[in-house]
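[1] pasting the structure only:
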């Protein structure tokens, strides 16, 4: 790493700070949190009023969207984007994690490790997934049913996302520590309310649709950001700026994409400045993309559906040798 490379991020940081893009946006977040909580509460009121009906599956789908939007706020709180105070960010994070049923402490620890070493084969927990292989080495390590799944992972990727919501609850209870009682209470209260209002068949269908679509939405929001981008190994010599930019991908789009992905579509800027408030990311994108272009740093950006294509292409490429050996 050259001295110039080491100073690049300092120059970019100075430009970002001068533009005021690291300043808090509490008014934005108060409004966003208020709207989210009101919509979330209204969805549960609709659930109670509608009663035992197949129309509850529509409510379940809406609830999946609102649960994800609440999770996005928890994500922002975990990065201290909302308040200047760590304590108030944690309060916001714990409240939203309690509503969603995902351990705040577990997720923040896991996510911070991801941010420190994105797409690193040995150090990024986001590419250390039991049922998927993102490198040839990971694929070779799979055995039994997991090897078969990995060998067909491109075709199975989206169906597997339907299980992500259930997996998040299980991991949260397993790894939540001091939050374990809250995580268990969330599951018990949730199932208790659903089975109290709905008959067993409707209740099971409601849970499957809500949790399945929530996991699918969450997975589809996070997957385009790094999957299919370069995977780093031990001994890489990239500086902080290049490590974050070269392993991340932005998603093009307007206000709807910003809402749909909770600001995660500006993944490059988010990784460079994790504490930057969500509404400032689109402004930082103009500065960061120009900065990278001037220095010849590859800046990945594409449409949402094309990003999924990159993900599937990478998963397919990694799985080809596994299918070949399985067929022998």
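    Received it, and whenever you're ready, just let me know what you need. In this text, all values refer to a predicted model and were calculated from it rather than measured experimentally.
[2] any idea how far apart the tips of stretch 69-89 sit?
    Distance between the two ends of stretch 69-89: 17 Å, counting by CA to CA, to the nearest Å.
[3] starting at the chain centroid, how far to that stretch?
    14 Å (CA atoms, centre = their mean, to the nearest Å).
[4] and the average pLDDT for it is what?
    Averaging pLDDT along stretch 69-89 gives 97.
[5] in the helix or strand containing residue 243, what counts as buried?
    Using DSSP states H and E, residue 243 sits in helix 240-246. Buried residues in helix 240-246, counted by 16 or more other CB atoms under 10 Å: 241-246. In this view, the C-beta of every residue, glycine as well, is placed from N, C-alpha and C.
[6] between those, which is nearest residue 152?
    Nearest to residue 152 among these: residue 246, at 29.0 Å, using CB to CB.
[7] gap between that closest one and residue 226?
    11 Å (CB to CB, to the nearest Å).
[8] strands along the stretch 101-250 of the chain, start to end?
    If DSSP state E, counting those that start in this stretch is used as the criterion, the strands of the stretch 101-250 of the chain fall at 250-251.
[9] how about the helices in it?
    104-116, 136-141, 144-151, 153-161, 164-175, 180-197, 200-222, 240-246 (DSSP state H, counting those that start in this stretch).
[10] shaky segments in this structure?
    In the predicted model of the chain, residues 1-6, 324-328 satisfy pLDDT under 70.
[11] rerun at 80
    For the chain, the stretches flagged by pLDDT under 80 are 1-6, 235, 324-328.
[12] centroid-nearest residue for it?
    Centroid-nearest residue in the chain, with CA atoms, centre = their mean: residue 222, separated by 3.6 Å.
[13] quick one, what contacts that one?
    By CB atoms under 8 Å, 6 or more residues apart in numbering, the contact list for residue 222 reads 126, 264.
[14] cool, and residue 271?
    115, 118, 244-245, 248.
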